[in-house]
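> need coordinates for the below:
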Amino acid sequence: MVKNSHFAEGLNNLYYTLNDTLLLQSFTGAADANGYLQLGQSVARLYAGMENAISVLSDMHANRSYIYHNGIAAEWGMPGLQDGQVIESIWERELLDRIHPDDLLVKHSLELQFFHLMKKLPVGERSDYQLICRLRMQDCNGQYRAIRHRLFYISGADDGSIRLALCLYTLYMEASHLEPAEGLIVNTRRGRVVETGKEQVYSLLSWREKEVLSLIREGSRSKEIAAKLSISQHTVNRHRQNIFEKLQVSNSLEACKIAERMGLI
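Numbers count the residues shown, from 1 in each chain. Okay, the predicted model is just below:
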């Protein structure tokens with residue numbers, strides 16, 4: 001259960017930011033939408049059977065998901081989750097509502113970072129990356145079990161948008177893994193971990209934008225920030241708007257919360 005109103009507000013804020021970031025892309029490319037979707041569905045079914053996974057293929061353009069699990073969901077205590085089920089959302093609530101709130105916060109934050117990293121990369125390089133998380137998920141008895149979650153994008157259009165994402169949920173076998181969530185962005189072609197603070201996603205904001213946002217977090221107003229940084233108030237306001245656009249938020253409070261979750265400030 002979510003621990004307090006401040007935590008719940010932060011989690012909801014992050015969820016809506018991620019939701020809008022994924023769904024409000026400009027899907028104007030000429031990619032073969034039906035062909036990519038059929039390929040994605042085949043891949044999702046294959047992973048579900050090979051890995052005893054719950055496999056969720058999400059179509060950001062249509063705001064729709066396709067769920068495959070080859071019968072494993074019933075063993076996890078989710079008999080209502082049908083194999084081949086289609087839901088009119090990119091959010092698999094039957095699964096997400098069972099994830100520990102602390103872990104869900106980490107998951108959403110990492111997914112937002114992962115998205116921004118992918119958008120910076122050429123379309124042909126995006127398939128080299130995966131987001132891998134360890135999460136705690138409740139079973140039908142309310143007991144938490146350790147779950148391995150993997151996310152990767154399997155199609156994009158020539159406009160650079162990201163349309164199809166595949167999430168895989170599989171069980172960890174050892175109880176020793178029942179710890180708070182942790183996650184990594186991995187380049188599987190090079191066998192390299194994208195480390196916090198050292199890769200493109202974490203340079204989403206410029207050093208000056210981070211300075212401005214840090215001062216906003218401390219309660220400074222635009223005039224005060226301008227004086228402290230020896231820049232004009234107009235420049236401060238321009239940095240502020242750039243920050244809002246990059247973080248997909250509408251005000252300073254949301255910007256500070258999202259930047260903190262992403263480790264930017």
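
> beta partners of the nearest residue to E88 once chain neighbours are set aside?
Distances taken as Cβ to Cβ, 6 or more residues apart in numbering place R64 nearest to E88, at 5.8 Å, with adjacent residues excluded. The way it works is simple: take the backbone N, C-alpha and C, and place the C-beta from them, glycine included. Here R64 sits in beta bridges with D59, going by DSSP bridges.

> wait, R64 sits on S89?
Yes: if you go by Cβ atoms under 8 Å, R64 and S89 touch, sitting 7.3 Å apart.

> more neighbours, those two?
R64 (15 against 12; other Cβ atoms under 10 Å).

> got a list of what the more buried one touches?
58, 86-90 (Cβ atoms under 8 Å, 6 or more residues apart in numbering).

> one more pass at 10 Å, please.
Neighbour list for R64: 37, 57-58, 86-90 [criterion: Cβ atoms under 10 Å, 6 or more residues apart in numbering].

> quick one: buried ones out of these?
37, 57-58, 87, 90 (16 or more other Cβ atoms under 10 Å).

> these: which two are farthest apart?
L37 and I87 (14.9 Å; Cβ to Cβ).

> show me where the chain has strands.
54-59, 64-68, 85-87, 129-138, 144-156, 162-171, 182-187, 192-194 (DSSP state E).

> taking the contacts of R64, tell me the two that lie furthest apart.
L37 and S89 (16.2 Å).

> any idea which residue sits dead centre in the protein?
Closest residue to the average C-alpha location of the chain: E111 at 1.8 Å, with Cα atoms, centre = their mean.

> coming back round to it: got any residues that touch both of R64 and S89?
S58.

> so L110 touches R150, yeah?
No: using Cβ atoms under 10 Å as the test, L110 is too far from R150 to be in contact (11.6 Å).

> out of those two, which sits in the busier spot?
L110 (23 against 19).

> picking up where we left off before, and which of the contacts of R64 is nearest to S26?
So of these, ranked by how close each gets to S26 (Cβ to Cβ), first place is I90, at 16.7 Å.

> so what's the closest one up against?
18-19, 22-23, 56-65, 165, 167.

> then L164?
When contacts are taken as Cβ under 10 Å, 6+ apart, L164 is in contact with 31, 33, 36-37, 39-41, 43-44, 57-62, 66, 152-156.

> measure it to Y68 for me?
In this view, L164 and Y68 are 14 Å apart by Cβ to Cβ, to the nearest Å.

> what residues are up against the closest residue to S250 other than its chain neighbours?
Counting by Cβ to Cβ, 6+ apart, the nearest residue to S250 once its immediate chain neighbours are dropped is F244, at 6.5 Å. F244 makes contact with 250-252, 254-255 under the criterion Cβ under 10 Å, 6+ apart.
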